[in-house]
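*Asks:* Generate a structure from the sequence data that follows.
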Amino acid sequence: MTREQFKTLWTSRYPKTIPIAHLFKHDYSDRWFRIHSLHESKRYADNEEEWRILLNRQNSIITDILGDNSKVLIVTGEYHYEGHTDLDSLEDVNSIKQFSFTYLDNIDLHKLSPEDYDQGQTYKPRFSESVWLKGNWDNVLRDIAQDNVRVFFISVDNDIVVAPYDGGIDFILKDTVTRDSYKNKYRDWLSDRDDGL
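*Replies:* Below you'll find the model as predicted:
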(Lines give C-alpha, C1' and ligand atoms only; values in the text may rest on other atoms or scores of the structure.)
Protein backbone atom coordinates (compact mmCIF):
# COMPACT_ATOMS: atom_id res chain seq x y z
CA MET A 1 0.00 0.00 0.00
CA THR A 2 1.32 3.44 -0.91
CA ARG A 3 1.07 6.49 1.33
CA GLU A 4 -1.59 7.90 -1.01
CA GLN A 5 -3.64 4.72 -0.73
CA PHE A 6 -3.35 4.87 3.04
CA LYS A 7 -4.47 8.51 3.10
CA THR A 8 -7.48 7.65 0.91
CA LEU A 9 -8.35 4.70 3.13
CA TRP A 10 -8.04 6.76 6.31
CA THR A 11 -10.10 9.72 5.12
CA SER A 12 -12.83 7.45 3.75
CA ARG A 13 -13.07 5.16 6.81
CA TYR A 14 -12.14 7.47 9.69
CA PRO A 15 -12.83 11.04 8.55
CA LYS A 16 -13.53 12.32 12.08
CA THR A 17 -10.06 11.63 13.45
CA ILE A 18 -6.34 11.46 12.72
CA PRO A 19 -4.05 8.42 13.15
CA ILE A 20 -3.28 9.03 16.84
CA ALA A 21 -4.83 6.29 18.95
CA HIS A 22 -5.81 8.23 22.09
CA LEU A 23 -8.24 10.33 20.02
CA PHE A 24 -10.31 7.38 18.78
CA LYS A 25 -12.41 6.92 21.92
CA HIS A 26 -13.64 10.51 21.62
CA ASP A 27 -14.06 10.72 17.85
CA TYR A 28 -15.76 7.31 17.44
CA SER A 29 -17.39 6.80 20.84
CA ASP A 30 -20.39 5.04 19.25
CA ARG A 31 -18.11 2.26 17.93
CA TRP A 32 -15.50 2.26 20.73
CA PHE A 33 -14.94 0.01 23.70
CA ARG A 34 -12.01 -0.79 25.96
CA ILE A 35 -10.81 -3.84 27.83
CA HIS A 36 -8.26 -3.84 30.63
CA SER A 37 -5.32 -6.22 30.45
CA LEU A 38 -5.17 -7.20 34.11
CA HIS A 39 -7.54 -8.00 36.97
CA GLU A 40 -9.08 -5.08 38.86
CA SER A 41 -7.89 -2.71 36.11
CA LYS A 42 -4.28 -2.94 37.23
CA ARG A 43 -2.23 -1.00 34.72
CA TYR A 44 1.21 -2.64 34.65
CA ALA A 45 2.40 -6.24 35.00
CA ASP A 46 4.80 -6.77 37.90
CA ASN A 47 5.66 -10.44 37.49
CA GLU A 48 5.61 -13.27 34.96
CA GLU A 49 2.16 -14.47 36.00
CA GLU A 50 0.72 -11.03 35.30
CA TRP A 51 2.55 -10.93 31.97
CA ARG A 52 1.00 -14.29 31.12
CA ILE A 53 -2.48 -12.95 31.93
CA LEU A 54 -1.89 -9.73 29.98
CA LEU A 55 -0.59 -11.43 26.86
CA ASN A 56 -3.26 -14.14 27.00
CA ARG A 57 -6.05 -11.57 27.24
CA GLN A 58 -4.66 -9.39 24.50
CA ASN A 59 -3.89 -12.26 22.12
CA SER A 60 -7.28 -13.87 22.75
CA ILE A 61 -9.45 -10.84 22.12
CA ILE A 62 -7.42 -9.45 19.22
CA THR A 63 -7.45 -12.84 17.48
CA ASP A 64 -11.17 -13.21 18.14
CA ILE A 65 -11.95 -9.80 16.65
CA LEU A 66 -9.44 -9.72 13.78
CA GLY A 67 -9.14 -13.42 13.01
CA ASP A 68 -5.88 -15.34 13.00
CA ASN A 69 -3.71 -14.93 9.91
CA SER A 70 -5.53 -11.73 8.95
CA LYS A 71 -3.93 -8.87 7.05
CA VAL A 72 -3.34 -5.73 9.09
CA LEU A 73 -1.78 -2.34 8.75
CA ILE A 74 0.37 -1.39 11.72
CA VAL A 75 0.53 2.32 12.44
CA THR A 76 2.91 4.14 14.74
CA GLY A 77 4.64 7.47 14.91
CA GLU A 78 6.82 9.88 16.83
CA TYR A 79 6.17 13.18 18.55
CA HIS A 80 8.61 15.96 17.73
CA TYR A 81 9.06 19.22 19.56
CA GLU A 82 11.18 21.99 18.09
CA GLY A 83 14.32 22.46 20.16
CA HIS A 84 14.09 19.07 21.92
CA THR A 85 16.53 16.32 20.98
CA ASP A 86 16.06 14.00 23.97
CA LEU A 87 12.92 12.23 22.76
CA ASP A 88 13.04 8.47 22.31
CA SER A 89 13.27 7.34 18.70
CA LEU A 90 11.28 4.50 17.17
CA GLU A 91 14.57 3.24 15.76
CA ASP A 92 15.49 2.31 19.36
CA VAL A 93 12.46 0.01 19.80
CA ASN A 94 13.66 -3.51 18.95
CA SER A 95 10.21 -5.08 18.61
CA ILE A 96 9.31 -2.99 15.56
CA LYS A 97 12.70 -2.86 13.80
CA GLN A 98 11.65 -5.70 11.50
CA PHE A 99 9.04 -3.57 9.75
CA SER A 100 9.59 -1.44 6.71
CA PHE A 101 7.52 1.67 7.37
CA THR A 102 6.06 4.12 4.89
CA TYR A 103 6.05 7.67 6.24
CA LEU A 104 2.88 9.74 6.17
CA ASP A 105 2.51 13.52 6.21
CA ASN A 106 3.53 15.18 9.46
CA ILE A 107 0.63 16.39 11.61
CA ASP A 108 0.93 19.91 13.02
CA LEU A 109 -0.50 19.34 16.50
CA HIS A 110 -0.64 23.03 17.37
CA LYS A 111 -2.70 23.76 14.28
CA LEU A 112 -4.96 20.82 15.08
CA SER A 113 -5.51 21.78 18.72
CA PRO A 114 -3.82 25.05 19.78
CA GLU A 115 -5.21 24.84 23.32
CA ASP A 116 -3.42 21.49 23.88
CA TYR A 117 -0.17 21.89 21.93
CA ASP A 118 2.50 24.55 21.50
CA GLN A 119 3.85 25.78 18.20
CA GLY A 120 6.47 23.44 16.82
CA GLN A 121 4.83 20.29 18.16
CA THR A 122 4.27 17.75 15.40
CA TYR A 123 3.44 14.07 15.06
CA LYS A 124 5.16 11.98 12.40
CA PRO A 125 3.03 8.89 11.59
CA ARG A 126 4.11 5.86 9.59
CA PHE A 127 2.60 2.52 8.64
CA SER A 128 3.53 -0.95 7.44
CA GLU A 129 1.65 -3.99 6.17
CA SER A 130 1.73 -7.26 8.07
CA VAL A 131 -0.34 -10.23 9.27
CA TRP A 132 -1.86 -10.84 12.70
CA LEU A 133 -0.85 -14.24 14.09
CA LYS A 134 -1.70 -15.12 17.66
CA GLY A 135 1.44 -15.06 19.80
CA ASN A 136 3.68 -13.59 17.10
CA TRP A 137 3.19 -10.04 18.37
CA ASP A 138 4.10 -10.63 22.02
CA ASN A 139 7.26 -8.52 21.91
CA VAL A 140 5.36 -5.60 20.40
CA LEU A 141 2.52 -6.01 22.92
CA ARG A 142 5.06 -6.06 25.76
CA ASP A 143 6.65 -2.84 24.52
CA ILE A 144 3.25 -1.19 24.23
CA ALA A 145 2.27 -2.39 27.72
CA GLN A 146 5.43 -0.76 29.10
CA ASP A 147 4.73 2.45 27.14
CA ASN A 148 7.93 2.01 25.10
CA VAL A 149 6.04 2.44 21.84
CA ARG A 150 2.54 3.21 20.61
CA VAL A 151 1.21 1.05 17.82
CA PHE A 152 -2.27 0.32 16.54
CA PHE A 153 -3.60 -2.12 13.98
CA ILE A 154 -6.13 -1.62 11.20
CA SER A 155 -8.02 -4.47 9.60
CA VAL A 156 -8.98 -3.02 6.23
CA ASP A 157 -11.14 -6.03 5.36
CA ASN A 158 -13.19 -5.85 8.57
CA ASP A 159 -13.17 -2.08 9.23
CA ILE A 160 -11.64 -2.53 12.70
CA VAL A 161 -9.04 -0.56 14.62
CA VAL A 162 -7.21 -2.26 17.50
CA ALA A 163 -5.18 0.09 19.67
CA PRO A 164 -3.34 -1.50 22.61
CA TYR A 165 -2.00 0.88 25.26
CA ASP A 166 -0.28 0.58 28.64
CA GLY A 167 -3.25 -0.81 30.53
CA GLY A 168 -5.52 -2.40 27.95
CA ILE A 169 -6.82 -2.18 24.40
CA ASP A 170 -9.16 0.25 22.66
CA PHE A 171 -11.27 -1.08 19.81
CA ILE A 172 -13.15 0.76 17.09
CA LEU A 173 -15.51 -1.70 15.44
CA LYS A 174 -17.52 -1.34 12.25
CA ASP A 175 -20.78 -0.34 13.95
CA THR A 176 -22.50 0.00 17.32
CA VAL A 177 -24.23 -3.39 17.12
CA THR A 178 -20.93 -5.21 16.61
CA ARG A 179 -19.33 -3.16 19.37
CA ASP A 180 -22.12 -4.03 21.81
CA SER A 181 -21.84 -7.72 20.99
CA TYR A 182 -18.13 -7.80 21.82
CA LYS A 183 -18.60 -5.64 24.90
CA ASN A 184 -21.06 -8.19 26.22
CA LYS A 185 -18.80 -11.12 25.33
CA TYR A 186 -15.84 -9.56 27.17
CA ARG A 187 -17.80 -7.81 29.93
CA ASP A 188 -15.56 -9.33 32.63
CA TRP A 189 -12.58 -7.44 31.20
CA LEU A 190 -14.32 -4.04 30.99
CA SER A 191 -13.77 -1.12 33.32
CA ASP A 192 -16.20 -0.60 36.19
CA ARG A 193 -16.34 3.11 35.33
CA ASP A 194 -19.43 4.53 33.66
CA ASP A 195 -17.35 6.10 30.88
CA GLY A 196 -15.65 2.77 30.08
CA LEU A 197 -12.14 4.11 30.68
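
*Asks:* Is the spatially most central residue of the chain bridged to anything, and to what?
*Replies:* Residue closest to the average C-alpha location in the chain (C-alpha atoms, centre = their mean): A163, at 2.2 Å. Under the criterion DSSP bridges, A163 forms beta bridges with D170.

*Asks:* Quick one: list the elements packing against the lowest-mean-pLDDT helix or strand in the chain.
*Replies:* Using mean pLDDT, DSSP states H and E, the weakest-scoring helix or strand in the chain turns out to be helix 109-112, at a mean of 90. Contact analysis of helix 109-112 by 3 or more C-beta pairs under 8 Å, 6 or more residues apart in numbering; DSSP states H and E lists strand 121-132 as its packing neighbours. For the C-beta atoms, the positions are set from N, CA and C on the backbone; glycine is no exception.

*Asks:* which residues sit against the strand it packs on?
*Replies:* Identification of contacts with strand 121-132 by C-beta atoms under 8 Å, 6 or more residues apart in numbering yields 1, 6, 18-20, 62-63, 66-82, 90, 99-104, 106-110, 153, 155.

*Asks:* Tell me which of these fall in helices.
*Replies:* Here DSSP state H is the test, and the contacts of strand 121-132 give 6, 62-63, 66, 109-110 as lying in helices.

*Asks:* PyMOL command for the buried members of those residues?
*Replies:* A single PyMOL command selects the buried members of the ones in helices among the contacts of strand 121-132 (16 or more other C-beta atoms under 10 Å):
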select buried, resi 6+62+63+66+109
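
*Asks:* Can I get the ones in helices among the contacts of strand 121-132 in a markdown table including distance to V149?
*Replies:* A markdown table is the format used below for the ones in helices among the contacts of strand 121-132 (distance: C-beta to C-beta, whole Å):
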| residue | distance to V149 |
| --- | --- |
| F6 | 19 |
| I62 | 16 |
| T63 | 21 |
| L66 | 19 |
| L109 | 19 |
| H110 | 24 |
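
*Asks:* just the ones in helices among the contacts of strand 121-132 now: which is nearest T178?
*Replies:* Checking the ones in helices among the contacts of strand 121-132 against T178 by C-beta to C-beta gives L66 as the nearest, at 12.8 Å.

*Asks:* picking that back up, tell me which two of the ones in helices among the contacts of strand 121-132 sit farthest apart.
*Replies:* Across the ones in helices among the contacts of strand 121-132, the longest distance by C-beta to C-beta is 38.8 Å; it joins T63 and H110.
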